[in-house]
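From the sequence below, what's the structure:
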Amino acid sequence: MKGWRGLAVGAAALAVAVAGCGTSSDGGNSGNSGEPKTLTVWLMDGSAPTTLTDALNKEFQDSHPGVTVKYEVQKWNGIQEKLTTALTSNNPPDVIELGNTQTAKFAAEETLLDLSGDVSNLNGDQWLGGLKDSLTWDGKQYGLPFYAANRTVIYRTDLFEAAGITSTPKSRDEWVAAIEKLKTANAADPEFQSLYLPGQSWYALLSFIWDEGGDVAKAQGSAWAGALNTPEAKAGVDFYKKLVDTSGTKAPKDADEATPQQMEVFGTGKVGMMIGLPWELAGAVKANPDLKEKTAAFPIPSKTAGKTAPVFLGGSNLAIPAGSKNSDLAKEYLKLLSSKKYQDMLAEGGAVPGTSTDTSKLATTPLGKALAESAPNGKVTPTTPAWAAVEAGQNPLKDMLTAYLTGAKTLDQATADANTALSKTLGG
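Residues are numbered from 1 along each chain as shown. Prediction:
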């Protein structure tokens, strides 16, 4: 998924089309000999604070005489084409950042260096599980986790207090009860929404399906097929409808959280809760500064009291292009970045660190605490190159939700049709 800072919600990885390229015979060296070398690093706009990258690049250069880090910040818009060109050239960058749903496609096209033998040297025992899955292809590791963010339930503390909600929900039943209390307490305001939930927020839907023990797709050998027609997946879809019906949300049933931007709706002050990302809360507060002291967050609750629901981990991985002429140096750069010092700096910047289980630097705010509690139970979409086409095309999950929520199809019809469409795309 694209970096969450400053990007439109739900904007996940684009379809990737890259041709394979051979690995350079010159693997590079450590640079300690003083031989002049340039390590080219591409990170995406908004991914890492400049305080982190400035310190990282200086420390790396200081410990590698003769090496210059050529650090370049890339824009997400157009990165697909830029990477395609770079990875098939004779001089690709040495370290690149990839959205976690993009990685499988690049790995399958053999444009990334296999790092399976380097995992232990890259703090592998501390990797965030969901992101580790996203960079695993054909049993091999093609990078390391960079950072993640996940959705939490962002809520108005003042409205909770006024409605007599004394503690944050710790189960789905308590969550529904809180929605009903907010609805009752604000019944005199026809514009009020206890929960803003658009009809096509399929990233949120994933939490409910996974919480029921289901999935959107399952691997069948080397192929994938839809799993939306299972009782577990249907139960997750049905709970989504329960939230919509109970809250009476005015959100469109045929659009996702980006149309309109739900942070703008939350910023009106007429919404009690939304299921959102950290930057969405920041956007709402920027539009309505009064919300700064009136908002907090809690993890999406599980149907099992006291547990959090699995969440989709949006974020990025770091990889080394197969054609890098400085692969050994690149590995040392990634080793330094995966250290606790820089992982703590990522957490202080508001991200879930990818190679550290220590989230104490993140859990210093209510939102950060909710992120930290949710992340260990995080997951990613099916790790197959074909998944990019699901998100880039006519997403069957969106169509399924709209059809069921509007009554155009029954639950069985909607899930069966979506499952057929999903299987066709994944098998295509």
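
Helices along the stretch 151-300 of the chain, start to end?
Ranges of helices within the stretch 151-300 of the chain are 157-162, 172-185, 202-211, 231-247, 262-266, 278-287, based on DSSP state H, counting those that start in this stretch.

count of residues packed around the closest residue to residue 410 other than its chain neighbours?
Closest residue to residue 410 apart from its sequence neighbours, by CB to CB, 6 or more residues apart in numbering: residue 404 at 7.5 Å. Backbone N, C-alpha and C define where each C-beta goes, glycine included. The local packing of residue 404 (other CB atoms under 10 Å) involves 25 other residues.

The one 5 residues further on too?
The local packing of residue 409 (other CB under 10 Å) involves 18 other residues.

buried residues in stretch 212-232?
Within stretch 212-232, the residues scored as buried using 16 or more other CB atoms under 10 Å are 212, 214, 215, 216, 217, 224, 225, 226, 227, 228, 229, 230.

show me what contacts the first one?
Counting by CB atoms under 8 Å, 6 or more residues apart in numbering, residue 212 makes contact with 232, 233, 235, 236, 239, 303.

Show the end-to-end separation of stretch 248-262, please.
Using CA to CA, to the nearest Å, the end-to-end distance of stretch 248-262 comes to 16 Å.

Show residues contacting it.
Contact with stretch 248-262 is made by 8-11, 183, 191, 193-202, 244, 265, 274, 276, 280, 283, 398, 401-402, 405-406, as judged by CB under 8 Å, 6+ apart.

Next one: the spatially most central residue of the chain from residue 107, what distance?
In the chain, the centroid-proximal residue (CA atoms, centre = their mean) is residue 314; its distance is 0.4 Å. According to CB to CB, to the nearest Å, residue 314 and residue 107 sit 19 Å apart.

next one: residue 297
34 Å.

go on, residue 291?
In terms of CB to CB, residue 291 sits 42 Å off from residue 107.

Of those two, which one has the most company?
Per other CB under 10 Å, whichever of residue 291 and residue 107 has more neighbours is residue 107, with 25 against 20.

The more buried one belongs to a helix, doesn't it?
Yes. Per DSSP: H, G, I helix; E, B strand; the rest coil, residue 107 lies within a helix segment.

hmm, which of the contacts of stretch 248-262 are the buried ones?
Taking 16+ other CB under 10 Å as the criterion, what is buried in those is 9-11, 183, 193-202, 244, 265, 274, 276, 280, 283, 398, 401-402, 405.

Return the subset of those residues lying in strands.
274, 276 (DSSP state E).

Okay, now the unreliable bits of the stretch 1-150 of the chain?
1-34 (pLDDT under 70).

Quick one: the strands in it, in order.
For the stretch 1-150 of the chain, strands defined by DSSP state E, counting those that start in this stretch occupy the ranges 37-44, 67-74, 95-99, 136-137, 140-141, 144-149.

ditto for the stretch 251-400 of the chain
273-276, 295-298, 311-312, 314-319, 352-353, 378-379.

and residue 337, which of those strands is closest to it?
Closest to residue 337 of the strands of the stretch 251-400 of the chain is strand 314-319 (CB to CB; 7.2 Å).

what's near enough to touch residue 135?
By CB under 8 Å, 6+ apart, the contact list for residue 135 reads 100, 103, 107, 141, 142, 143, 144, 145, 317, 319.

For the last one, name its beta-bridge partners.
The partner list for residue 319 in beta bridges (DSSP bridges) reads residue 96.

cool, the fourth one as well?
The residues listed as beta-bridge partners of residue 141 by DSSP bridges are residue 136.

Report the separation between it and residue 107.
Counting by CB to CB - residue 141 and residue 107 are separated by 9 Å.

With residue 62 instead?
On the measure of CB to CB, residue 62 and residue 107 end up 33 Å apart.

before we move on, what about residue 231?
33 Å.

now do residue 39
In terms of CB to CB, residue 39 sits 22 Å off from residue 107.

how about residue 177, what does it touch?
By CB under 8 Å, 6+ apart, the contact list for residue 177 reads residue 169.

Apply 10 Å and report the result again.
Counting by CB atoms under 10 Å, 6 or more residues apart in numbering, residue 177 touches 165, 169, 171, 246.

Kindly reformat those residues as TSV containing neighbour count.
As requested, those are exported to TSV (neighbours: other CB atoms under 10 Å):
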residue	neighbour count
165	20
169	22
171	16
246	17
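
Export those residues to a markdown table and append columns for pLDDT.
As requested, the contacts of residue 177 are exported to a markdown table (pLDDT from 0 to 100):
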| residue | pLDDT |
| --- | --- |
| 165 | 98 |
| 169 | 98 |
| 171 | 98 |
| 246 | 98 |
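
ok, of the residues you listed, which one's closest to residue 360?
Checking these against residue 360 with CB to CB, the nearest one is residue 169 at 24.4 Å.

For the nearest residue to the closest one once chain neighbours are set aside, give its distance to residue 75.
Spatial nearest neighbour of residue 169, chain neighbours left out: residue 175 (4.0 Å); criterion: CB to CB, 6+ apart. Computed as CB to CB, the residue 175 to residue 75 distance reads 38 Å.
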